[in-house]
Every structure is written in C-alpha cells, then in structure tokens.
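**Q** The following comprises the amino acid sequence and a computationally predicted model.
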Amino acid sequence: MKKNTPFFSLILLLLGTQLSAQQIKPDSITQLKLAKSILADQNLKYVDSLAREVIKEGFNAGSGYSQIWARDLNTFIETALEERSQADIRGAILVFFQMQQPNGEMVDGYVLKKDFTWHDDTPYYSENAPGHVGFKNTVETDQETSLIQLLGKYIRKTKDYSILEESIGGISVKDRIQLMLDYLKRERFNHKYQLLWGAMTADWGDVQPYDSFGCDWNELSNEAIDIYDNAMFIIALQTLIDIQPNAPKVTEWKGLKKSLETNSRRHLWDKKKQKFIPHLYPKTSPIPKGFDENTIHYHGGTAIAIEAGLLSASEIKTVNTQMLENVRLSGMPSIGLTLYPTYPVGFFIGGMAQPYQYQNGGDWTWFGGRMIQQLVLNGFYQEAYAELQPMIDRVVKNKGFYEWYGQNNVPSGSGKFKGSAGVLSKAIALLESWAETTVEKNH
C-alpha cells in the first residue's frame, strides 16, 4: 500500500488522535478544570481588590494599631509595593534601621512620638530617629528575622539594591544587618542545641503564660526553643544569601543556615508523630504536671517551617492532613487555627485563659494564608484552593480582614488587619498565576 493513499492518511489521522488522547492524562484534565475554576472565581477577585484597598491606607498593622510592625509589614509588603509609593516604603524600612539599638537588636516596631499614647515601661529610642519611639515584645525572637525578610522582598521586587548601602549613623544597612545577626548569636542562641530561643509562648505568639502583660521577658519567663523562631532565621539567612551572594560573610551565613536546618530537624521534628514538638526547655518547663505539651500541633510554626524548606513533599501532605483533622476535631473554621489541642484553661492569664481565644487556638488568617501559599508553591493546588475557601468566605461575609476568629467564626481584633489582607492577596496571586499558566499550556 502506498503511503500517500487516502486510506493511509486516514490511519495516520486515527493513530494521531489516539496518541493525543493518551497524552492528555486524567490528572491534567482535573488540573485544567481546577485552573479554570480559579480564574472564574469572582470571590477571589473581590477579596484581592478589598485587600489592596486596605493596604493602600498605610503601613501600620491595621485599624486599632497606629504602630508599624516588622513582622506585619513582612507579610504585606509585596502587595503594598503595588499599591503605594516605593519611596514611602523605602523610608518606612529605613526607620527600622534608624531605630536599631547600640547592642545590634531590632525593635518590633515604631510610632511617631505624638502617637506614643499607651503605657509602656520599656520604650526604645535612638538618636538616629529622634522623632520616633520604638517598642518590642521581648518574649519573641522574630524581629530581626522579619526585618531581613521584608527587606529582601523589597529588593527582589524593586531591584533597589542601593538601600543596602544607605548610611545610618555612619553604618551602612548591610553592616547593620550583620550587627543584628551578631546580636541573635550572642543574646538568643542556645549553644547546646545550636538553635535560637525565646520565651515560652503559644506557637508564633508573643504572649507568655503566668504574666498579666505577657509580652516582656521577666522573672516569669521560661527559655524555650521552637520551630517558628528557627524557621524564620533560616528564611532570613537564605534571603541574605540571595540578595548578597558575594558578601564577605556569605560562607558563614550558609554554614549557619545548614546548621539550623540540621538541628531543627534533629531536635524539633518528631519523626514518629510526623509533627514538630512545641518546645524544648533548656532550663525549666512551665507546663503543668499531667499535661503532655507534645500532643499540641503548631499550625503557624509548621507553615513557616515549610517555607524554610524543612519538610519533604510527603511530610507536607501529612502535616496538612493533620491540620484538617485538627480543624474537624476543634470545630474551628479553617487551618488558620493556631494550635490544637489548646493549652489548659487558666494556663495563660487574661484573654487567652480560655481555649480558642487569641493565640491559644484562635483562627488567624495571617498564618493560615501562609500555609495556603506553601501548598501552592509545593504543588498542592487542589488542597490550597479548597482550604482557602473558608478564609475567603468570611472576608466576603464581613467585608473586611479581621485579626482573628473565635469559635463559630466570630470575628475579633482589628477589623482591617493588614497581615491577613497581605497573605490572602499573595495566596490569590500565586493560585491565579498557576491557573493562568496551566490554561495557557493546554491551549
């Protein structure tokens, strides 16, 4: 049979059709359908637009907060750079470096002196920023690492590497960064475990138990090592390696990052339970007898650990399944659930004394949204879209971004919490970017 006959052409056509059908895998069809659903979802577009309106209002943490916090700005700076002046954001970042203390430590945040209207018996001042007052919740150890991360996000998005050379009090920003690292290694580093420490708090929180105020290191504090602080340090070091690949200290940064990764896995990851332990207590433990703290799952710290690259794909799948089960057992609205099970009644004083209040089991989009981001970045698209829905739905219902949610999805705290707005905006952007790429590939 000649190869140019109509019959032969028909056979080739049929074979080609069969091969094309075989090449379109069921998984690809499912992903294409998911991608189209994401792109058609008007709630995502509405929430993103609402987030941008909130972030346009300024760099403070949200309604009810006049202060600018490093840990908050770190989570909405990328969206802010699309909605606000680059020069204004650059200036806001530089004030943090102006507020750096002589010992190298960094403040949590700052306000103009005229806005310093609350009682704080340990205000921070700096001759490099005479018009500002700083503050710091010293039970936590994420201030320096948050600032490094937000600086890196600023540089990646704007390509403004000149900010590293900016001189403040005769010391460049890049040299001030090293002073921050030196401070952490000198003042907040446990040499036995080779990991950062802070006070015992609930997961990523900044309130300690047995203390009516709870945010300052004092005689009631317990030295504790957790995954959140150390994962934040790992991310910060990777940020420095990325933005200063030829820095004199880059080899030292790489070595420290590797050590933190190794020791975080060795001392904080419970291989048998496939979860991070809440804390190591190098000295004394505040945990009451009869309560096993290692029954608690820390959702926020786990999300940050994934961002730090500490978990494999199979481990990410496992911890995400655990989070969903915790949500089911608790009756809380979303994987923004801080931790489960909660600490016992009365373990924390004040607003966190009861379960599912604030950081003791409250539902925080601020961290749940970061878990969604990591699900997308690690290829769990279906899970990310499904688990995002409760967070999207409550924004639509309330027409705002609340700080946290209690049982029955009751909104609490700031009604315009920019951290929540920022993480949702970024999660939506990641999902939509994947969806657009997926649709393009199949057309």
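**A** Good, I have the coordinates.

**Q** Now do the contacts for Gly419.
**A** 61-62, 71-72, 75-76, 366, 403 (C-beta atoms under 8 Å, 6 or more residues apart in numbering). Quick note: C-beta positions are derived from backbone N, CA and C, even for glycine.

**Q** How about stretch 436-443, which residues are buried there?
**A** Burial within stretch 436-443, assessed by neighbour count using 16 or more other C-beta atoms under 10 Å, is assigned to Thr438.

**Q** ditto for stretch 269-285
**A** 269, 275-282.

**Q** Just send those back as CSV, with secondary structure, distance to Lys192 and pLDDT too.
**A** Supplementary listing: those in CSV, determined by DSSP: H, G, I helix; E, B strand; the rest coil; distance: C-beta to C-beta, whole Å; pLDDT from 0 to 100:
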residue, secondary structure, distance to Lys192, pLDDT
Trp269, strand, 17, 98
Lys275, strand, 23, 98
Phe276, strand, 19, 98
Ile277, coil, 16, 98
Pro278, coil, 18, 98
His279, coil, 15, 98
Leu280, strand, 9, 98
Tyr281, coil, 12, 98
Pro282, coil, 7, 98
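
**Q** Would you mind measuring the gap between the ends of stretch 394-404?
**A** Taking C-alpha to C-alpha, to the nearest Å, stretch 394-404 runs 11 Å from one end to the other.

**Q** and that stretch, how far out from the chain's middle?
**A** 19 Å (C-alpha atoms, centre = their mean, to the nearest Å).

**Q** Could you do stretch 170-185 as well?
**A** 23 Å.

**Q** tell me the two of the buried residues of stretch 269-285 that are most distant?
**A** Put simply, by C-beta to C-beta the two of those set farthest apart are Lys275 and Pro282, 20.9 Å from each other.

**Q** Now do stretch 233-241, average pLDDT.
**A** Across stretch 233-241, pLDDT averages out at 98.

**Q** Looking at neighbours, which among the contacts of Gly419 is most surrounded?
**A** Counting neighbours by other C-beta atoms under 10 Å, Phe76 leads those with 29 neighbours.

**Q** does that one belong to a helix or a strand, and which?
**A** Counting by DSSP states H and E, the element that carries Phe76 is helix 70-83.

**Q** before we move on, what about Val319?
**A** With DSSP H and E as criterion, Val319 is part of helix 313-330.

**Q** For the very next helix or strand once past that helix, what is the distance to the chain centroid?
**A** Next along the chain after helix 313-330, taking DSSP H and E as the criterion, comes strand 339-340. Relative to its parent chain, strand 339-340 has a centroid offset of 17 Å by C-alpha atoms, centre = their mean.

**Q** The following helix or strand past strand 339-340 to helix 313-330, inter-axis angle?
**A** Following strand 339-340 in sequence order, the next helix or strand is helix 365-377 (DSSP H and E). Here the directions of helix 365-377 and helix 313-330 differ by 140 degrees (axes from the mean of the first three to the mean of the last three C-alpha atoms, to 10 degrees).

**Q** From the contact counts, what lies against the helix or strand that comes right after helix 365-377?
**A** Where DSSP H and E defines the elements, the next helix or strand beyond helix 365-377 is helix 381-398. Helix 381-398 makes packing contacts with helix 26-40, helix 42-56, helix 313-330, helix 365-377, helix 418-441 when contacts are defined by 3 or more C-beta pairs under 8 Å, 6 or more residues apart in numbering; DSSP states H and E.

**Q** Pick the most buried one from those helices.
**A** Among the helices and strands packed on helix 381-398, helix 365-377 has the highest mean neighbour count (mean count of other C-beta atoms under 10 Å), at a mean of 26.

**Q** Assess the claim that Ser172 and Glu165 are in contact.
**A** Yes. Judged on C-beta atoms under 8 Å, Ser172 makes contact with Glu165 at a distance of 5.6 Å.

**Q** for Ile287, what are its contacts?
**A** Shown in contact with Ile287 (C-beta under 8 Å, 6+ apart): Glu293.

**Q** Tell me the spacing between it and Ile171.
**A** Computed as C-beta to C-beta, to the nearest Å, the Ile287 to Ile171 distance reads 42 Å.

**Q** and what of Gln274?
**A** In terms of C-beta to C-beta, Gln274 sits 45 Å off from Ile171.

**Q** again with Glu140
**A** In terms of C-beta to C-beta, Glu140 sits 25 Å off from Ile171.

**Q** Show me which of the two is the more surrounded one.
**A** Set Glu140 next to Ile171 and count neighbours by other C-beta under 10 Å: Glu140 wins out with 23 against 15.

**Q** quick one: the more buried one is in a strand?
**A** No. According to DSSP: H, G, I helix; E, B strand; the rest coil, Glu140 belongs to no strand; its state is coil.

**Q** I appreciate the help and will end here.
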